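Participant: This is a predicted model, with the sequence first.
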Amino acid sequence: MDKILVTGGLGFIGSHTVVELQKEGYEVVIIDNLSNSSINVLDGITSISGKKPIFENLDLRDRADVEAFFAKHNDIKGVIHFAASKAVGESVKEPLLYYENNISTLVYILKELKKLPEASFIFSSSCTVYGQADELPITENDPVKKAESPYGNTKQIGEEIIRDTCKVTPSIKAIALRYFNPVGAHESVNIGELPIGVPQNLVPFITQTAIGLREQLSVFGDDYPTADGTCIRDYIHVVDLANAHVVALERLLKNNNKANYETFNLGTGTGSSVLEVIKSFEKVSGKKLNYKIVGRREGDVISAYADTTKANEELGWKTKLSLDDAMRSAWNWEQKVRKDK
Ligand SMILES: NC(=O)c1ccc[n+]([C@@H]2O[C@H](COP(=O)([O-])OP(=O)(O)OC[C@H]3O[C@@H](n4cnc5c(N)ncnc54)[C@H](O)[C@@H]3O)[C@@H](O)[C@H]2O)c1
């Protein structure tokens, strides 16, 4: 079976994708520098799949190391590139760190892929490229808006770099996947989301509050023009998201792609408000969550959810898991993590 490189493969989405790739029989090589993950994730992956992926602890910002890696693994057929820094607030304070980690690493990998006779490349992009879209649900043809943060900008620039490269390099086929809001954990609870420090995202903040690690969840604004006044997002179960990577990769490996650079939205197609997410959590956990409504947070878009038609029809992929499934697995994962500490 083909050998696939997964950069950032010990991270949240990467680890779930490694498991799904292994399930389909791919040989997986992970690159991760452990800057936002733990080496224990390797055991978590192995305990689910029964197969230990090859692991290279290297920093993709080191060009020489990246070159040496591809010289050693010259039979790589595809790359799924998750490795990046992802904290929006931090990116505002440390833009150069974000441009270096998210852009230079991408360039180094593409330079190596250019040397191969043929390569398939999947890029982790984000719905942040759309900003506050003029129309909902958001389709892939909606305009990319000026980025609100250096992090968002790295995703836009990353997409442009790949598009420009593919235009003149027919041997590289690429897909940028624009994720909406990945949540949840593997049902085995052997892998899940492991935020370092205070979580930036709603779901880990909910589970950490419920377990007593955080005192209270702040809901930023209930006076938005939505049904219950809170912001709306499209929460996609990480296992569904992981599956979409395998499907997208196979589209490229089997030459089923329609162009050598394509973009797809990955979401459920349904928007859920912050209060609906809290309700779902309370239902599946049987716990009352301590939260309070506070003022709006700067930079939050009001509502974003995906039009999934293109992914459904072109990739033949659909989400299977619900918000309740995601909240249940996230809660089971939180309890397991705290018990193990
Ligand atoms: N989680 C989300 O909400 C979300 C939404 C949209 C897009 N994305 C994108 O998806 C990708 C994966 O996100 P995630 O949530 O799994 O993040 P994560 O932080 O859990 O995983 C990223 C992994 O990459 C590794 N890494 C970072 N820089 C590296 C480097 N220079 N060399 C080697 N390894 C490096 C980290 O140690 C980590 O294990 C990122 O590109 C992110 O921007 C995430």
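Facilitator: Received, thanks.
Participant: Any idea how far apart the tips of stretch 269-277 sit?
Facilitator: Counting by CA to CA, to the nearest Å, you get 15 Å between the two ends of stretch 269-277.
Participant: I meant stretch 74-88, not that one.
Facilitator: With CA to CA as the measure, the first residue of stretch 74-88 is 35 Å from its last.
Participant: can you check stretch 27-42 too?
Facilitator: 14 Å.
Participant: what element comes up after whichever helix or strand Val66 is part of heading to the C-terminus?
Facilitator: Taking DSSP states H and E as the criterion, Val66 maps to helix 63-72. Going down the chain from helix 63-72, the next helix or strand is strand 76-81, by DSSP H and E.
Participant: Parallel or antiparallel, which strands does that next one pair with?
Facilitator: Strands that pair with strand 76-81, judged by DSSP bridges, come out as strand 3-7 (parallel), strand 119-126 (parallel).
Participant: For whatever helix or strand comes next after it, buried residues please.
Facilitator: With elements assigned by DSSP H and E, the helix or strand that comes after strand 76-81 is helix 88-93. Buried residues in helix 88-93, counting neighbours by 16 or more other CB atoms under 10 Å, are found at Glu90, Ser91. Backbone N, C-alpha and C define where each C-beta goes, glycine included.
Participant: how about the very next helix or strand once past helix 88-93: buried residues?
Facilitator: In the C-terminal direction, the helix or strand that comes right after helix 88-93 (DSSP H and E) is helix 95-99. The neighbour-count criterion (16+ other CB under 10 Å) identifies Tyr98, Tyr99 as the buried residues of helix 95-99.
Participant: could you give the mean pLDDT of the following helix or strand past helix 95-99?
Facilitator: Heading C-terminal from helix 95-99, the first helix or strand you meet, by DSSP H and E, is helix 105-115. Per-region confidence: helix 105-115 scores 98 on mean pLDDT.
Participant: I'd like to know which elements helix 105-115 is packed against.
Facilitator: Taking 3 or more CB pairs under 8 Å, 6 or more residues apart in numbering; DSSP states H and E as contact, the helices and strands that helix 105-115 lies on are helix 63-72, strand 76-81, strand 119-126, helix 150-168, strand 172-179.
Participant: and the angle for it with strand 172-179?
Facilitator: An angle of 150 degrees separates the directions of helix 105-115 and strand 172-179 when computed by axes from the mean of the first three to the mean of the last three CA atoms, to 10 degrees.
Participant: anything in helix 105-115 near the ligand?
Facilitator: Yes: shown here: helix 105-115 in contact with the ligand (CB under 6 Å from any ligand atom) through Thr105.
Participant: residue ranges of the helices in the protein, please?
Facilitator: Here the chain has its helices, by DSSP state H, at 12-23, 40-49, 63-72, 88-93, 95-99, 105-115, 150-168, 202-210, 238-253, 274-285, 309-310, 323-340.
Participant: Show me the contact partners of the lowest-mean-pLDDT helix or strand in the chain.
Facilitator: Here the helix or strand of the chain ranked lowest by mean pLDDT, DSSP states H and E is helix 88-93, holding a mean of 93. Helix 88-93 has contacts (CB atoms under 8 Å, 6 or more residues apart in numbering) with Ser85, Leu97, Tyr98, Thr128, Glu148, Ser149, Pro150, Tyr151, Gly152, Thr154, Gln200, Gly299.
Participant: Just give the nearest non-adjacent residue to whichever residue of the chain sits closest to the ligand, would you?
Facilitator: Going by CB to the nearest ligand atom, the ligand is nearest to Gly11 of the chain, at 1.9 Å. Distance criterion CB to CB, 6 or more residues apart in numbering; nearest residue to Gly11, sequence neighbours excluded, is Ser37 at 5.0 Å.
Participant: Not including adjacent chain positions, what is the nearest residue to Asp2?
Facilitator: Once flanking residues are discounted, Asp2 sits nearest to Lys77: 4.0 Å by CB to CB, 6+ apart.
Participant: go on, Val246?
Facilitator: Of all residues beyond its chain neighbours, the one nearest Val246 is Glu20 (5.0 Å), with distances taken as CB to CB, 6+ apart.
Participant: Double-check that neighbour against Ala242; I have them as touching.
Facilitator: Yes: in this structure, Glu20 is within contact of Ala242 by CB atoms under 8 Å, at 4.5 Å.
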